[in-house]
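Visitor: Fold the following, please.
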Amino acid sequence: MTSIDFDAIIEKITIDLVRHHPRALILFGSAARYLNGLQDQEPEDIDLLYVGLIKPMKFGTYRIPCDVFYFEEYEILSIAKSLRYSPKSMARAKMYFKDSWKGYVRSDIASCLLLGPGYAEYGFLQMEDEERFRDYSVHKAIYGESWWRSLQQYAQEHRGLKGLGIDKLHGLDRFAGPS
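Guide: Take a look at the predicted model:
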């Protein structure tokens, strides 16, 4: 494979997807690890998490395959709320069973992105294959960074069931977004 200008491709993808009015676009997987200097081998594809109301059906062709994991905003907020208030083992089980019948683990990946390096505390396993290390906590918000960072902070502040009760009393159990 010839060397590819990933920054230019990601910029083009971002321009194409922003037309669909996403709340956030998150680059993850091998492209994020490569651009962060954590992987020497050029990625074979680009993985994006897209949060928005309108699912992008067609958005262009690039010199490298691009996989878009689409989440409606309510879905990603539900995942963040589960991570924040469910017992950790229950949050992990919810994510696994939410998508396992579909044959993929998009909620697991979203959870790892929201939790960052602390995802192992919830029982999420290191995703890897025989040849390549796959740490899905490594990512880059390429659009909607402030909203995404606020959502991460919300998800990472584990409050448990007791915290949920207290937060509900004070009307603080819903994600409010950045101020």
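
Visitor: In the chain, where is pLDDT below threshold?
Guide: Residues of the chain meeting the criterion pLDDT under 70: 1-2, 99-104, 125-134, 179.

Visitor: measure the spatially most central residue of it to residue 140 for me?
Guide: With distances taken as C-alpha atoms, centre = their mean, the residue of the chain nearest its centroid is residue 110 (3.6 Å). Counting by C-beta to C-beta, to the nearest Å, the gap between residue 110 and residue 140 amounts to 15 Å. C-beta here means a position set from N, CA and C on the backbone, and glycine is covered the same way.

Visitor: Just the buried positions in the helix or strand harbouring residue 150, please.
Guide: Per DSSP states H and E: residue 150 is located in helix 145-156. Going by neighbour count (16 or more other C-beta atoms under 10 Å), the buried part of helix 145-156 is 147-148, 150-152, 154-155.

Visitor: Grab the nearest non-local neighbour of the residue nearest to the centre of the chain.
Guide: Once flanking residues are discounted, residue 110 sits nearest to residue 79: 5.4 Å by C-beta to C-beta, 6 or more residues apart in numbering.

Visitor: Surely that neighbour is in contact with residue 92?
Guide: No - contact criterion C-beta atoms under 8 Å: residue 79 and residue 92 do not qualify, at 11.5 Å.

Visitor: shared neighbours, these two?
Guide: Common neighbours of residue 79 and residue 92, using C-beta atoms under 8 Å, 6 or more residues apart in numbering, are residue 111.

Visitor: Looking at the two, which has the bigger crowd around it?
Guide: Neighbours were counted for residue 79 and for residue 92 using other C-beta atoms under 10 Å; residue 79 has more, 24 against 21.
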